[in-house]
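In: Sharing a model prediction with you, sequence too.
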Amino acid sequence: MSRPRKIVVLVASVVSLLLLCCCGGVTVLLLNRADDEGEQLISTSFNCGQGGPVDPDAELPRIQQYSAEQIRNAAIIINVGKSLKMPPRAWVIAVATAMQESQLTNLGHLGKKNDHDSQGMFQQRPSSGWGTPAQVRDPVYSSTKFYQKLRTIKGWDKLPLTRAAQKVQISAYPDAYAKHEPIATQIVNQLADGAANAVGDSLSMECASAGKVAASGWTVPLKAPVGSGFRTASRPTHQGVDLSVEKHRPILAAASGVVSMVKCDEDFRGRQTCNVDGYPGKGGCGWMVEIIHAGNVMTRYCHLVQRPLVRENQQVAAGEMIGRVGSSGNSSGPHLHFEVHLNNDRSRHGAVDPVQFMQKTGAPLGREE
């Protein structure tokens, strides 16, 4: 019997070979792991949490660098969120916060190493009103207090993870939470039947395939069919995918992040002529945007019709409009060339298949609704 991951990879490869068309020009890479844990993560990616979270007292596996006991604490956090009717986006935020504060370990008083009198998974301080030392060391209690505080923050579900966590924790290191979002998403997906793929603010575990922001923090940049695929046999240097629609369709940031580049990309002759339609063989991305997201994931958006609506170093939210579809640069017709890169590596070595990557985030490409 074939295993889930192999089926997914085979299907993705066949789809890539069948896709035709268009243009583009940058890079991407994906976390395809051949171990059983990786296969389990991929198999849950097609669900949206309908199966519910696992029992924390069940036999739990290691996930990434976290032991079974640490994963049990994550399961408790998720189950408490479910019991409080907090949506899966809150579970991802809570798990990522505990990863930063304690590495998912229920810490007691650490003496001189302690940050004031912080204790427990969330390093909550009894002296600041979080509860008694015994209470904040109770994973159920500390998780409940975290969610209760999160619920009081206006628009918490629309905030980038690091800002939502910081508003609860008031940490001396406010930017530290973001780096845990990718693994927190994987943990929630594995422990809760793919719940990080559900719509972020929904309790109904609705899949985020309609362009809404998933609990993972990702959304589709453009609802459109996929044209030319990633590194196909006919276009092995095509480092992204082409989403083909008419001109002027809004392009959205695929996740919260910081804009790292806005430019008119030069063509093969060194010209910056992005305000006119391009053509095959011209070279360059035309008007383009790059955004750095949590976990050093970078997304790239090419061939915009005019100067993008964002500027470098601007913070953007998932689903925020950053520009409009065009055909500038090395292009045979209106479309968005979309790339995903890991480790903030802008080269071809960092590029991954956006179709597979976005499928895992719960925001699959290729649907026009």
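Out: Everything's here; your move.
In: what comes into contact with stretch 147-156?
Out: By Cβ atoms under 8 Å, 6 or more residues apart in numbering, the residues outside stretch 147-156 that reach it are V80, G81, L84, M86, A90, I93, A94, L159, A164, K167, V168. From N, CA and C alone the C-beta is placed, and that goes for glycine too.
In: If you count neighbours, what's buried in stretch 191-211?
Out: Neighbour-count burial for stretch 191-211, counted by 16 or more other Cβ atoms under 10 Å, picks out 191-202, 205-209, 211.
In: Check stretch 245-254 too.
Out: Buried residues in stretch 245-254, defined by neighbour count with 16+ other Cβ under 10 Å: V245, R249, I251, L252, A253, A254.
In: Out of these, which two are the most distant from each other?
Out: V245 and A253 (17.2 Å; Cβ to Cβ).
In: Any idea how many residues pack against the nearest residue to A98 once chain neighbours are set aside?
Out: Nearest residue to A98, sequence neighbours excluded (Cβ to Cβ, 6 or more residues apart in numbering): M121, at 4.5 Å. Neighbour count for M121, taken as other Cβ atoms under 10 Å: 29.
In: correct me, but M121 touches A74?
Out: No: counting by Cβ atoms under 8 Å, M121 stays clear of A74, with 9.2 Å between them.
In: Next, show the common contact partners of the two.
Out: Both M121 and A74 are in contact with A98, L104, where contact means Cβ under 8 Å, 6+ apart.
In: contacting residues for the spatially most central residue of the chain?
Out: Compute the mean C-alpha point of the chain, and by Cα atoms, centre = their mean the closest residue is W218, 4.6 Å away. Contacts here follow Cβ under 8 Å, 6+ apart; on that basis W218 touches A208, A254, A255, A318, M358, T361, G362, A363.
In: so which strand or helix has the fifth one?
Out: Translated: M358. Using DSSP states H and E, M358 maps to helix 354-361.
In: Show me what that helix is packed against.
Out: helix 4-18, strand 336-341 (3 or more Cβ pairs under 8 Å, 6 or more residues apart in numbering; DSSP states H and E).
In: Can you report the mean pLDDT over the residues of the last one?
Out: This points to strand 336-341. Regarding strand 336-341, the rounded mean pLDDT is 98.
In: hang on, N275 packs against S328?
Out: Yes: between N275 and S328 a contact is recorded at 7.3 Å, counting by Cβ under 8 Å.
In: higher neighbour count, those two?
Out: Neighbour count, other Cβ under 10 Å: between N275 and S328, S328 has more, with 26 against 13.
In: check contacts around the closest residue to the more buried one other than its chain neighbours.
Out: Closest residue to S328 apart from its sequence neighbours, by Cβ to Cβ, 6+ apart: G286 at 2.7 Å. Shown in contact with G286 (Cβ under 8 Å, 6+ apart): 264-265, 274, 278, 302-304, 326-331.
In: Highest neighbour count among these?
Out: Within those, most neighbours by other Cβ under 10 Å means H303, with 33 neighbours.
In: name the element it belongs to?
Out: Using DSSP H and E, the element containing H303 is strand 297-304.
In: give me phi/psi at the closest residue to A363 other than its chain neighbours?
Out: Excluding the flanking residues, the one nearest A363 by Cβ to Cβ, 6+ apart is W218, at 4.5 Å. Main-chain torsions, W218, degrees, to the nearest 10: phi -110, psi 150.
In: so W218 bridges to which residues?
Out: A255 (DSSP bridges).
In: how close does it get to L243?
Out: Distance, W218 to L243, using Cβ to Cβ, to the nearest Å: 15 Å.
In: Pairing partners for the closest residue to G350 other than its chain neighbours in the sheet, please.
Out: Spatial nearest neighbour of G350, chain neighbours left out: H341 (3.9 Å); criterion: Cβ to Cβ, 6+ apart. As for beta bridges, H341 partners with M298, A351 under DSSP bridges.
In: Show the contacting residues for the nearest residue to P250 once chain neighbours are set aside.
Out: Once flanking residues are discounted, P250 sits nearest to M321: 4.9 Å by Cβ to Cβ, 6+ apart. M321 sits next to P250, I251, L252, A253, L309 when contact means Cβ under 8 Å, 6+ apart.
In: Please produce a markdown table containing those, extended by secondary structure.
Out: Shown next, in a markdown table, are those (DSSP: H, G, I helix; E, B strand; the rest coil):
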| residue | secondary structure |
| --- | --- |
| P250 | strand |
| I251 | strand |
| L252 | strand |
| A253 | coil |
| L309 | coil |
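In: Could you single out the nearest of the residues you listed to H293?
Out: Nearest to H293 out of the contacts of M321 is A253 (Cβ to Cβ; 8.7 Å).
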